[in-house]
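Novice: I'd like to go over a predicted model; first the sequence, then the structure.
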There are 2 protein chains.
Amino acid sequence: MTGAPRTVGFVGLGAMGLPMAQALLAGGFTVHGWDLRADSREALAASGGLPAESAAAAATGADALVLMVVNAAQAETVLFDEGALAALPPQGIVVLMATCPPAAVVAIAERVQASGRGFVDAPVSGGVAGARAAKLTIMAAGSDDSVAAVRPLFAALGDRIFHVGPTPGQGATVKTANQLLCGVHIAVAAEAFALAEKIGVDRGLLLEVMSGSSAASWMLRDRGPRMLQEAPEVTSAIDIFVKDLGIVLQAGRDARAALPLTAAAHQLFLASSGRGDGTADDSQVIRSYRVLNGT
Amino acid sequence: MTGAPRTVGFVGLGAMGLPMAQALLAGGFTVHGWDLRADSREALAASGGLPAESAAAAATGADALVLMVVNAAQAETVLFDEGALAALPPQGIVVLMATCPPAAVVAIAERVQASGRGFVDAPVSGGVAGARAAKLTIMAAGSDDSVAAVRPLFAALGDRIFHVGPTPGQGATVKTANQLLCGVHIAVAAEAFALAEKIGVDRGLLLEVMSGSSAASWMLRDRGPRMLQEAPEVTSAIDIFVKDLGIVLQAGRDARAALPLTAAAHQLFLASSGRGDGTADDSQVIRSYRVLNGT
């Protein structure tokens, strides 16, 4: 790639990907987008984007190919089986923004770099709200040159852009540690409220006390109010943390690192999903405590 | 007690108790203080307080008797075995501010109230720094009358005063839930950093990313920087959370409530203490992960 990217191939126009592609359009980029779902491609077109016929078609002629797919396996399929890597120009850069285990990112990066293309590992945090507001946190890892080349693209997507290291996989590691804290913070907030429910204390007051004390967390303030509702609005589903804490545990297995709190928290999300609550708001992991404790 | 308390008996002049007694003196109260340690009594005298000869002597003539002892067993000894309750005037109010399991507070309250004295369950958070600055959070439970009577005393000690319920034990429950979150938040921050260390990523940058993202917690921001130091200043020791998470787990046992994350976090603090790190800063619970993971 020479100069800043102007044309972006974008694969994965889901809850996160579509608003990210729209933010790139708003930033002046030309976006060729691909998603298996026709309605997602139509939504891109309605925003001024160019729907492609395939992942390979989206990559054709692109300066950068952004992948916002569901997981590492989908990224591999798109790049290596569906021909997106081969279709990407020789100077193109693959930007993997999906949440994947670090070891999987390292493996994908090696295959991409072996083809001569650049690779930037750049997972995001901030959720759908952050994607819509173009206020994502971006944790980029890769060579100075490749990260510098795609920085204008990141600037259109987020407002906290970190170059966390020179090696692909380091971005995924930062994102993994981030999700570890997010998931455990939600589960432990549920544990605290569930204990208070069992003993008998005003939960609203408890939330007020803890939100302003050394017990505070971003997740307590955000999820706490919804944890006290019976069927709150879904801003992020239980199954997202079934997946994300699964990725954290995979990273632990790959690195041979013990993650006892993550493992315990994952069980609570898993059980919630198993009871049929997978699409409920993730604050409702508290239901796992309630069924456990009979409250 | 008639009118606002002017004379306070204060038992337990330790790291928290002494600055709290000094804050009461600064607030214009007369304080008769007792502690087993002579140097603590002398420190009180040097601040304008009146050292007593015993717990019972401190209670004699007091409008309110504040207990800032180590645990519930000490509170029982002071009140019932050492004669402080009997020495307290019939209109006096016992204010238990130590961190105790809710069920133990309920039992103490019943015995105090059976004697005709008032009882307020009023644990605090904010640590030694909060005590010195008279900026504690106070979680008071008790009848409207008794809490109203000691409110001027609370106003001299803290800046966030909550009347969390009418029944002694409810303050302890709020404090228990608070400590549950504090302890698990420290341990899980260590878990995240330990994973990052094992995989290999800049920990300072990781702290910066997570402190500003949805992964943030009060404890991450406060303990995180010390977690990255080898032998940081001790602001709160490992053994404090060995004790406090022990109280949380006791509350869970008393209420028959499962606390899987708290139980796992407690093991990590316990193991740290068992390796001889009990007096180290609580951020050093990360050493349990390092020895586990061989980093």
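Specialist: The structure has been received and is ready for your questions. Every value quoted in this text rests on a predicted model; they were computed, and no experiment measured them. Numbering: from 1, shown residues only, chains lettered A, B, ... in the order given.
Novice: Was I right to think A:Thr295 contacts A:Ala194?
Specialist: Yes: in this structure, A:Thr295 is within contact of A:Ala194 by CB atoms under 8 Å, at 6.8 Å. C-beta coordinates here come from the backbone N, C-alpha and C atoms, glycine included.
Novice: who's more crowded, the two?
Specialist: More neighbours surround A:Ala194 than the other of A:Thr295 and A:Ala194, with 26 against 14 (other CB atoms under 10 Å in any protein chain shown).
Novice: Which helix or strand contains the more buried one?
Specialist: helix A:170-199 (DSSP states H and E).
Novice: Tell me the helix or strand right after that helix.
Specialist: helix A:203-211.
Novice: buried ones in that next one?
Specialist: A:Arg203, A:Leu205, A:Leu206, A:Leu207, A:Glu208, A:Val209, A:Met210 (16 or more other CB atoms under 10 Å in any protein chain shown).
Novice: tell me the angle of that helix relative to helix A:170-199?
Specialist: In terms of direction (axes from the mean of the first three to the mean of the last three CA atoms, to 10 degrees), helix A:203-211 departs from helix A:170-199 by 140 degrees.
Novice: Convert helix A:203-211 to PDB, retaining C-alpha atoms only.
Specialist: The C-alpha atoms that make up helix A:203-211 are tabulated as PDB, following Å, rounded to 0.1, in the frame of the first residue of the first chain:
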ATOM      1  CA  ARG A 203     -30.500  -3.300  46.500                       C
ATOM      2  CA  GLY A 204     -30.900   0.200  45.000                       C
ATOM      3  CA  LEU A 205     -29.200   1.700  48.000                       C
ATOM      4  CA  LEU A 206     -26.500  -1.000  47.800                       C
ATOM      5  CA  LEU A 207     -25.900   0.000  44.200                       C
ATOM      6  CA  GLU A 208     -25.600   3.600  45.200                       C
ATOM      7  CA  VAL A 209     -23.200   2.900  48.000                       C
ATOM      8  CA  MET A 210     -20.900   0.600  45.900                       C
ATOM      9  CA  SER A 211     -21.000   2.700  42.800                       C
END
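Novice: Quick check: which helices or strands does that helix pack against?
Specialist: Contact here means 3 or more CB pairs under 8 Å, 6 or more residues apart in numbering or on different chains; DSSP states H and E; on that basis helix A:203-211 packs against helix A:170-199, helix A:218-227, strand B:158-165, helix B:170-199.
Novice: which residues touch A:Val188?
Specialist: Neighbouring residues of A:Val188 by CB atoms under 8 Å, 6 or more residues apart in numbering or on different chains: A:Ala265, B:Leu180, B:Leu181, B:Val184, B:His185, B:Val188, B:Leu261, B:Thr262.
Novice: Redo the residues you listed as TSV? Include distance to A:Gly278.
Specialist: Formatted as TSV, those follow (distance: CB to CB, whole Å):
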residue	distance to A:Gly278
A:Ala265	16
B:Leu180	26
B:Leu181	26
B:Val184	24
B:His185	26
B:Val188	23
B:Leu261	21
B:Thr262	25
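Novice: Identify the contacts common to A:Thr295 and A:Ala194.
Specialist: The contact sets of A:Thr295 and A:Ala194 overlap at A:Tyr289 (CB under 8 Å, 6+ apart).
Novice: I figured A:Lys175 hits A:Ser125, correct?
Specialist: Yes: under the criterion of CB under 8 Å, A:Lys175 makes contact with A:Ser125 at 6.7 Å.
Novice: what touches both of these two?
Specialist: Common neighbours of A:Lys175 and A:Ser125 are listed as A:Met139 (criterion: CB under 8 Å, 6+ apart).
Novice: possible to save the buried residues of helix A:203-211 as JSON lines with pLDDT?
Specialist: Formatted as JSON lines, the buried residues of helix A:203-211 follow (pLDDT from 0 to 100):
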{"residue": "A:Arg203", "pLDDT": "94"}
{"residue": "A:Leu205", "pLDDT": "95"}
{"residue": "A:Leu206", "pLDDT": "96"}
{"residue": "A:Leu207", "pLDDT": "97"}
{"residue": "A:Glu208", "pLDDT": "96"}
{"residue": "A:Val209", "pLDDT": "96"}
{"residue": "A:Met210", "pLDDT": "96"}
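Novice: What is the nearest of those to B:Ile161?
Specialist: Closest approach between the buried residues of helix A:203-211 and B:Ile161, by CB to CB: A:Val209, at 10.4 Å.
Novice: residues contacting the closest one?
Specialist: A:Ala215, B:Thr137, B:Met139, B:Arg160, B:Phe162, B:Val164, B:Val174, B:Asn178.
Novice: how near is A:Ala149 to chain B?
Specialist: 21 Å (CB to the nearest CB, to the nearest Å).
Novice: now do A:Ser236
Specialist: In this view, A:Ser236 and chain B are 10 Å apart by CB to the nearest CB.
Novice: who has more neighbours, A:Lys175 and A:Ser125?
Specialist: A:Lys175 (33 against 23).
Novice: How about the contacts made by the nearest residue to A:Arg151 once chain neighbours are set aside?
Specialist: With sequence-adjacent residues excluded and distances taken as CB to CB, 6 or more residues apart in numbering or on different chains, A:Arg151 is closest to A:Ile161, at 7.0 Å. Counting by CB under 8 Å, 6+ apart, A:Ile161 makes contact with A:Thr137, A:Ile138, A:Ala140, A:Arg151, A:Phe154, A:Ala155.
Novice: List the residues that contact the fifth one.
Specialist: For A:Phe154, the contacting residues are A:Ala122, A:Ile138, A:Ala140, A:Ile161, by CB under 8 Å, 6+ apart.
Novice: got the angle between the helix or strand hosting it and strand A:158-165?
Specialist: Counting by DSSP H and E, the element that carries A:Phe154 is helix A:144-157. Interaxial angle of helix A:144-157 relative to strand A:158-165 (the same axes, to 10 degrees): 160 degrees.
Novice: Helix A:144-157: which residues count as buried?
Specialist: A:Ser146, A:Val147, A:Ala149, A:Val150, A:Arg151, A:Pro152, A:Leu153, A:Phe154, A:Ala156, A:Leu157.
Novice: Save the residues you listed as TSV, and put in pLDDT too.
Specialist: Converted to TSV, the buried residues of helix A:144-157 look like this (pLDDT from 0 to 100):
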residue	pLDDT
A:Ser146	97
A:Val147	98
A:Ala149	97
A:Val150	97
A:Arg151	97
A:Pro152	97
A:Leu153	97
A:Phe154	98
A:Ala156	98
A:Leu157	98
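Novice: show me what contacts the residue positioned nearest the centre of chain A?
Specialist: The geometric centre of chain A, computed from its C-alpha atoms, lies nearest to A:Thr99 (CA atoms, centre = their mean), at 4.6 Å. Contacts for A:Thr99 (CB under 8 Å, 6+ apart) come out as A:Asn71, A:Pro123, A:Ala172, A:Lys175, A:Gln179, A:Lys243, A:Asp244, A:Ile247.
Novice: May I have the secondary structure class of it?
Specialist: Following DSSP: H, G, I helix; E, B strand; the rest coil, we place A:Thr99 in the coil state.
Novice: A:Ile108 now?
Specialist: Taking three-state DSSP as the rule, one finds A:Ile108 in the helix state.
Novice: count of neighbours near it?
Specialist: So A:Ile108, with other CB under 10 Å, has 24 neighbours.
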